[in-house]
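In: Need coordinates for the below:
(2 chains)
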2 protein chains.
Amino acid sequence: MHEGTRTEIATLGEFGLIQHLTADLHPQNPETRYGIGDDAAVLDFGSRQALVTTDLLMEGVHFDLVYTPLKHLGYKSAMVNFSDIYAMNGTPRQITVSLAVSKRFCIEDLEAFYDGLRLACERHHVDIVGGDTTSSVTGLAISITCLGTAGPDRIVYRNGACDTDLICVSGDLGAAYMGLQLMEREKAVFRGEKDVQPDFAGKEYLLERFLKPEARRDIVQRLEAAGIRPTAMMDISDGLSSELLHICTQSHAGCRVYEERIPIDYQTAVMAEEFNLNLTTCALNGGEDYELLFTVPLSCHETVSQLEDVRIIGHITRPELGCALVTRDGTELELKAQGWNPLKADR
Amino acid sequence: MHEGTRTEIATLGEFGLIQHLTADLHPQNPETRYGIGDDAAVLDFGSRQALVTTDLLMEGVHFDLVYTPLKHLGYKSAMVNFSDIYAMNGTPRQITVSLAVSKRFCIEDLEAFYDGLRLACERHHVDIVGGDTTSSVTGLAISITCLGTAGPDRIVYRNGACDTDLICVSGDLGAAYMGLQLMEREKAVFRGEKDVQPDFAGKEYLLERFLKPEARRDIVQRLEAAGIRPTAMMDISDGLSSELLHICTQSHAGCRVYEERIPIDYQTAVMAEEFNLNLTTCALNGGEDYELLFTVPLSCHETVSQLEDVRIIGHITRPELGCALVTRDGTELELKAQGWNPLKADR
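Out: Got it, this is the predicted structure:
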């Protein structure tokens, strides 16, 4: 370990840290088209491009086995990687799966995990092609790498949004975050810390959004069928604000998002009320929705507004106008990323 | 977690577990050529084939930061993945790097890790194209996935060894294991558990073999220059016995390996004496050498015996003859895998 000056990682956060460590990397191989900085890396294989994305999930940081069934965890671990490939407008094809397990896990646990993994792979026609299974002295670690393909002119990066483009999202936002809150409350109940009866009736949607998210292949297919190629796209894992700021930064653009247009499910609203949380804040910063956020040219307005389960929530502006949320009463509030960032000090 | 019948993972071990979990996987994508069961998976991109391999390294299981400098750890983490690609007769091209770090790590630590990683990548012309950096509640977790390429007729699997083929290894064996023993002794000294003075003089080779292994690109290049395509190949990570048994099982073959022909460095022999360890056992089962083990047709005898740093150690037989070590006095001992297996009960 380092001796001498010690700079805490929290001073940079995840994105700052990655930028710091990888700032001077220059590709040496001609087929490396795009490296760090998007949902997936892009490799050139002539007639096809390959996409690569990877995720490392740690017990106690990314998941809590007290309320996460291992089958759901397997399903979700695969899904979050598929989501990154769809966010590049690609198709996931293969995954490798590495697990580090401690002695408290038995074979039946891993079978349950693999059942979920397999179900996710079957639904998205993805092959499990390799991996590594080893031991851990502490919790469970899950590392999944997903490979995908896309035609060379199909890939959508984060950096292509232009002034006047429409900002769209699929599905609804904030429900996964509410599911997490609900689970944390039930965990407290289970431990006897709170005097509330466990009650999931009418809240199944929130739990499912949190425990068993679906990567939006249907949206990618719908966009293609409608002849729309987004100018920029990301999946919403850290929260709408955070992802929108990434698109705007990388596209050198600003944006206006309208509070009244952000899609929110009824159950999410009910739970926010019950938990006394600001609904818009939850939808903007909740994270883990795995919906797609994308921008399309203004000329696509009619087509995109007819797409099932897609909502136009705002538009891209010139960079000097900044990034703002327009509230219901017309006030402009600067958008800030308060999304999920496990390396930030304030968590 | 599972409730009910509980089967301990140790009853299957790593390979048994992977086989159990992945037994009924069938590729759904036409470009998935070869999945689980070799050093890397093989994907078909028309004129080229892509290779994918992945490794998950856990603190306290795969490395000990008491005596492993982070720069060396970065170097080695990359190298072990390159080694898997070379073992398929391919060329490593890109890696993704995921790290989970706890609060005790500072930015300077991660810089040191990346320095080592970068050095390994520069030497082998590999690009770092992505990854994930997140937090851990306990130790360090490192997950690296390496992509490589190979011409379609160049890939060498584990399953192609035929009766009368010559068995060859590069470099020498057992030195990394001796380096580990040395480090463990010094750690005990450091803790005051043993009354031995730390002394690495004359043992630098062993430490380097353990802390900073080199993937054998030179051997792959030499084989190609000599016009030799091995019939089977693996890298030696778990130990010669273990790897040879994999080749024989997958090739449906037996083998004879001659004790006197196993390449061992002088320092390894001296240290085995000092530690009162059986030298041949160390060379057969030590692991972490990252040398290449391969088989070539008997007709290549003259060419392969002239290759620098390559030694012929035995030959492949018909399967009914089994797998045996022929000792210096001519006795045949059955080869057993006692290699490094973090999921086995006896560790």
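
In: roughly how far apart are the closest residue to residue A:160 other than its chain neighbours and residue A:248?
Out: Distances taken as C-beta to C-beta, 6 or more residues apart in numbering or on different chains place residue A:231 nearest to residue A:160, at 4.2 Å, with adjacent residues excluded. To be clear about C-beta, it is placed using only N, CA and C from the backbone, and glycine gets the same treatment. Distance of residue A:231 to residue A:248, given as C-beta to C-beta, to the nearest Å: 12 Å.

In: Need the overlap of contacts for those two.
Out: The contact sets of residue A:231 and residue A:248 overlap at residue A:161 (C-beta atoms under 8 Å, 6 or more residues apart in numbering or on different chains).

In: Could you say which helix or strand holds the residue in the stretch 151-300 of chain A positioned nearest to chain B?
Out: The minimum distance from the stretch 151-300 of chain A to chain B, using C-beta to the nearest C-beta, falls at residue A:237 (11.0 Å). Using DSSP states H and E, residue A:237 sits in no helix or strand.

In: That one contacts residue A:286, doesn't it?
Out: No - shown here, residue A:237 and residue A:286 do not form a contact pair, counting by C-beta atoms under 8 Å, at 10.6 Å.

In: More neighbours: those two, which one.
Out: residue A:286 (30 against 22; other C-beta atoms under 10 Å in any protein chain shown).

In: how many neighbours does the nearest residue to residue A:129 once chain neighbours are set aside have?
Out: Ranked by C-beta to C-beta, 6+ apart and with sequence neighbours excluded, the top spatial neighbour of residue A:129 is residue B:41, at 3.7 Å. Look at residue B:41: counted by other C-beta under 10 Å, it has 26 neighbours.

In: and the residue of the stretch 151-300 of chain A closest to chain B, what does it touch?
Out: Contact partners of residue A:237, counting by C-beta under 8 Å, 6+ apart, are A:80, A:83, A:243, A:287-290, A:340.

In: Out of those, who's the most crowded?
Out: That'd be residue A:289 among those, by other C-beta under 10 Å, with 29 neighbours.

In: Residue A:288 contacts residue A:211, doesn't it?
Out: No - Residue A:288 is not in contact with residue A:211 according to C-beta under 8 Å; the separation is 10.2 Å.

In: so where's the stretch 51-200 of chain A shaky on pLDDT?
Out: A:192-199 (pLDDT under 70).

In: where along it do the helices fall?
Out: Taking DSSP state H, counting those that start in this stretch, the helices of the stretch 51-200 of chain A run over residues A:70-86, A:107-123, A:175-190.

In: quick one, domains of chain A?
Out: According to automatic domain parsing, chain A comprises the domains A:28-150, A:166-334.

In: Just give me how far the longest one sits from the chain centre.
Out: The chain centroid and the centroid of domain A:166-334 are separated by 10 Å, computed with C-alpha atoms, centre = their mean, to the nearest Å.

In: Repeat that for the shortest one.
Out: A distance of 13 Å separates the C-alpha centroid of domain A:28-150 from that of its chain, computed with C-alpha atoms, centre = their mean.

In: Compute the first-to-last residue distance for it.
Out: Distance across domain A:28-150, first residue to last, is 22 Å (C-alpha to C-alpha, to the nearest Å).

In: hey, where'd the strands end up in the stretch 1-150 of chain A?
Out: A:32-34, A:41-45, A:48-58, A:91-101, A:127-135, A:141-150 (DSSP state E, counting those that start in this stretch).
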